[in-house]
Structures are given as C-alpha cells and as structure tokens.
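Student: how would this look folded up:
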Amino acid sequence: MTRRLPCPPAPGPLEAYAARFDDLFSTLAQRRGFREYLAGLLLPRDRNKTLTCLAGTEPVVGAQHPSVQRLQFFLSESTWDHEQVNARRVELLLADPATAPHSGGVLVIDDSGDRKDGKATAHVGRQWLGRLGKTDNGIVTVTTCWADENLYYPLHAQPYTPAHRLPEGKSDPEFRTKLQIAADLARTAKAAGVAFWAVAADCGYGDQDGFRRQLDAAGMPFVMALKPSHGTWAYGKDAYTPVHAARALAWTDPEHSGDWTPVERTFRDGHTETWWAADARLGWWGPDGNVRLVVATTDPATLPAQTTWYLATDLPRPGSPRESESPEPAADLHEVVRIYGIRHWIEQSYKQVKDELGWADFQVRSDTAIRRHQTLVTCAFSFCWDTWFDPPPPAISPGTAPPEPPEEPGRPERGPWQTSTAPPGQLAPSDPRRPGLAHPMEQPPPLLAGLDQRATTTRTPSTDQRGQRRPPA
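Tutor: Numbering: from 1, shown residues only. Next comes the predicted model:
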C-alpha cells in the first residue's frame, strides 16, 4: 500500500480540526483543498466569498489563477463524498462533551432561500424566498439545526428542486416537497443519535397536518407555530381559528389573570420579559387532547400580532390523562413556550453562515458542487465552536519559558480569548504587483489572528446556564 504524502498544514488551530477528516479524502490534493477552502471561508473578507475570494485573488482577473482552479476542481470534479464529511462533522459534535446534544434541546426545522440568476444552476427557479419576502429566481434549502438556550449548530441540509425543473413536474418520481425533505432530515438527525426534546418549526410547517402526523409516526414530539387564521370546522359560534380560541379565554388584568399563566422569558442579551400563556380549545384540540393549542402573548387583552404565538404541540399537559401514556415527559406552559423560543436560534445561524461564511456565495452549477459547498460552510461553522471551547495556547516569544500548566486542566467556559498580534514582518504586502493577492495559506498567523475576535458565536451566553431546564429523567 502506497504511503500517504504529507499535507501542508492548515493555519493555526484549523489543522487539528481538518486532520480529523483526512481519512475521508483519498488524495493529497483533496486534503489540501479541504484546508484551503475552510481557511478561505473563515478569513474576514470585504466581498462575497466566491472561489476567487477564497483563494485570495482578484475578481475576474484572478479566475485562472492556479489556486482558484484547484478549488474549482476540488468543489466540482474531485471524488469525495460530502455526506461522509457531514456525518463526520456531526459525529465530532456529538462526541464532544461541550457540544453534545442533550434531551432538553430542540431540533429546529426551517428552509431558507437565496437569490440566484439564470436557469442552468441546479435547484434554481422562480419560487418564494423567505429571506427576501417575495417570489423571485433563487434556490431554497431545507435545513435542520440543534439548539438549546446557549448553543446551536446546523445538522443537515438539502436543496429543494421546484417541480417545474423536473420532466414530469409534481408527478415526477424525483419530486419531493419541502415537507417531505424536512421529515426525512428529522429522521436522519434522530438516526444519527441527536438527542432533543421536541421538533420546532414555524407556521410554514406547523400548518400542515400531514407533516405533524409524519413526526408523530416517527416518535418525534413537536411544538410548531400556527397562522392566526389557521381554520378548523366548528359548530355555530364555536371557535374556528386560534385567534377566536384565544379570545374565548378569561382575562381581566395581571392581578386577575383568569385562564392565563405568567411565563418569564429570558432573551439573548440577558433581559427578561413576562409573557402570558394558556391552553385553549379549538375543535378537537384541547388541554387533554392528542394535540394541544397553546397561546403565548405579551398582552392577553389585545393579542398583538407581533408578540403572540399560536402553538400546536403533542406534548402532554402535566396531570392530564395522556401523561401516563405518553413516552415523552409532560410539558407545562413554560416549557412549551421555552421550546418554541429556542426555534429563533436558527435565524441567528442563518445570519452567520450567510453573512460571515458565504453560504449563498457559490458560483457553481451542479447539484454535487452546491451540496459540497454547503457542507464545507457548516464545517467552518462547527470549527468555530471547536476552537471556542478548546482555544489554542497563546503565542510564546522565542527565548521565553512556557507558562506553568493549570492545576486542574480542562476545557474553559465560553468567553473571549485574546490572540496575540502577528509581527509586522509577516503581514501581506499592501500593493501586490500580480493578479493574485496574498495567498491565504502563505501567511497563516496574521490572516487567522482575528478569528477569535470575529468568531460568529461570541455573543452567546455562558455555559453555566446549560441544562437548567431539562425534562425529568
């Protein structure tokens, strides 16, 4: 068997992370491409992270630069399996005590669209793009994310192919709706060993009875939003929308709250708010039914549209007849509101993978290349968590004795880690005389020196609050 050639190391702490994937790449070029691609995604740039940007060359002029061509081949033509790489990434997250999912977390399902021109790129078509809030030409990807109050990371992703791109439209055997993709991704997460209390999703999924039934059949409880206008059949003057059901609940004032229970919510910046929650009745939905309708709002008197949630959940109410029969622990109003509140972490995740790591900046056309790019972006995201919980030691000047090790070594709690500034002599030249700019792998210390300061997760709360509200064993 031929001995493997050594791969040029990635900058700083990235090498230790990238080395864990080496056995998934069959050639030296693939291992090098993996390191170069991640380094390009992680470095701060002032323009979209296209291949020329990742390689550190000028747009258009530098497209034929050898480093750009290497990355192009690695992404589009090379023979490596993106599903195996993502499975390894998830496996590392599950094996690390600092990022391992627990039964108090939430599996969040959502889809996100980005504008893309033309018709030649796989999955691109005229469709609803939630990020833009309108129908436009673009690509939509269904994603899953694991989250609790302090930690969140993407798990799996799959682009959605519009029916008009398939030969037989919706009758084509290859056509799958976003709901079918989402249900498959949820089952994939469960099969991978990801622990969570419930699946959370917005009204785009919560309004679909069939989707909720798929989750129930797979043994995955849910807490999902409903549109205020979500209707159901009812007799005469009975409630027939969630809004009608909420208005039927008794309320006078905070001192005489009637059917409503105060619920304290803690937000990302640390401030708290008192919301009000109640179990409502809508058709066959009720506190003791197979599906509960939970209403949460800041003002039960007016039910403001922006701060009122109408939630459907199959988690049993404490003390209800279903509690003894359900395989899942009962969830009171506070827990139901908490679970859905965690759903919003996926929006923060989207901001980081898109605005910082270039999720939608790819300039490739094939389905395989697009999925590979998305996998590499999620690897870069996970590397930030890996570095956060296990930061590299500070740089030691030549001739200086290394610091004494701590008495009780271990992973630090989440917090800022200061990285020493690179010596001026290592900085890239300010005015290069050739089409290619400074190559990211040639000057690793200065280019990655600000990684910790620019890390996408530095605003999350500390880990000392993790697991405070977990379900009973």
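Student: Do I have it right that Ala200 meets Phe222?
Tutor: Yes - here Ala200 reaches Phe222: they are 7.3 Å apart, a contact under Cβ atoms under 8 Å. For every residue, glycine as well, the C-beta is placed using N, CA and C.
Student: Buried residues, stretch 127-138. List them.
Tutor: For stretch 127-138, burial by neighbour count (16 or more other Cβ atoms under 10 Å) applies to Gln127, Leu129, Gly138.
Student: For the last one, give me its contacts.
Tutor: The one in question is Gly138. Gly138 is in contact with Gly113, Asp114, Arg115, Lys116, Val124, Gly125, Gln127, Leu129, Leu132, counting by Cβ atoms under 8 Å, 6 or more residues apart in numbering.
Student: Over to the first one?
Tutor: By Cβ under 8 Å, 6+ apart, the contact set of Gln127 is Gly113, Thr135, Asp136, Gly138, Val140, Pro162.
Student: let's go with 6 Å and repeat that
Tutor: By Cβ atoms under 6 Å, 6 or more residues apart in numbering, the residues touching Gln127 are Val140, Pro162.
Student: Quickly run through the sheet partners of the one helix or strand it maps to, with directions.
Tutor: Assessed by DSSP states H and E, Gln127 sits inside strand 125-129. With DSSP bridges as the test, strand 125-129 is paired with strand 134-147 (antiparallel).
Student: From the contact counts, what lies against the helix or strand just after the partner strand?
Tutor: Following strand 134-147 in sequence order, the next helix or strand is strand 152-160 (DSSP H and E). Strand 152-160 is packed against strand 134-147, helix 178-191, helix 367-389, with contacts defined by 3 or more Cβ pairs under 6 Å, 6 or more residues apart in numbering; DSSP states H and E.
Student: Buried residues of the longest one, list them for me.
Tutor: For helix 367-389, the buried set under the neighbour-count rule, 16+ other Cβ under 10 Å, comprises 368-389.
Student: where does it sit relative to the chain's centre, distance-wise?
Tutor: Here helix 367-389 is found 11 Å from its chain centre; the criterion is Cα atoms, centre = their mean, to the nearest Å.
Student: Just want the angle from that helix to strand 152-160.
Tutor: Counting by axes from the mean of the first three to the mean of the last three Cα atoms, to 10 degrees, helix 367-389 lies at 180 degrees to strand 152-160.
Student: Going forward, the N-terminal residue is numbered 55.
Tutor: Okay, using 55 as the starting number, the last item reads as helix 421-443.
Student: Does helix 421-443 pack against any helices or strands, and if so which?
Tutor: Other elements packing on helix 421-443 under the criterion 3+ Cβ pairs under 6 Å, 6+ apart are helix 82-96, helix 120-130, helix 136-149, strand 206-214.
Student: Go again with 8 Å.
Tutor: Counting contacts by 3 or more Cβ pairs under 8 Å, 6 or more residues apart in numbering; DSSP states H and E, helix 421-443 packs against helix 68-72, helix 82-96, helix 120-130, helix 136-149, strand 206-214.
Student: would TSV of the buried residues of stretch 181-192 with distance to Ser121 be doable?
Tutor: Listed next are the buried residues of stretch 181-192 as TSV, based on distance: Cβ to Cβ, whole Å:
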residue	distance to Ser121
Gln181	35
Leu183	32
Gly192	29
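Student: circling back to that earlier point, can you list the helices and strands packed on strand 206-214 in TSV and add distance to Thr328?
Tutor: Below are the helices and strands packed on strand 206-214 laid out as TSV (distance: least, Cβ to Cβ, whole Å):
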stretch	distance to Thr328
strand 188-201	23
helix 232-245	32
helix 421-443	32
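Student: right, and those - which one's nearest Asp415?
Tutor: For the helices and strands packed on strand 206-214, proximity to Asp415 was assessed by Cβ to Cβ; helix 421-443 is nearest, at 8.5 Å.
Student: Just the CA atoms of the closest one, as CSV, please.
Tutor: C-alpha atoms of helix 421-443 as CSV (Å, rounded to 0.1, in the frame of the first residue of the first chain):
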residue,chain,number,x,y,z
ASP,A,421,-26.1,19.7,-7.5
THR,A,422,-23.0,17.9,-6.1
ALA,A,423,-20.9,21.1,-6.1
ILE,A,424,-23.6,23.1,-4.3
ARG,A,425,-24.1,20.4,-1.6
ARG,A,426,-20.3,20.2,-1.1
HIS,A,427,-20.1,24.0,-0.7
GLN,A,428,-22.9,23.9,1.9
THR,A,429,-21.2,21.1,3.7
LEU,A,430,-17.9,23.0,3.9
VAL,A,431,-19.7,26.1,5.2
THR,A,432,-21.2,24.0,8.0
CYS,A,433,-17.7,22.6,8.7
ALA,A,434,-16.3,26.1,9.1
PHE,A,435,-19.2,26.9,11.4
SER,A,436,-18.5,23.9,13.6
PHE,A,437,-14.8,24.7,13.7
CYS,A,438,-15.6,28.0,15.4
TRP,A,439,-17.3,26.1,18.2
ASP,A,440,-14.4,23.6,18.4
THR,A,441,-12.0,26.5,18.7
TRP,A,442,-14.2,28.4,21.2
PHE,A,443,-14.3,25.5,23.6
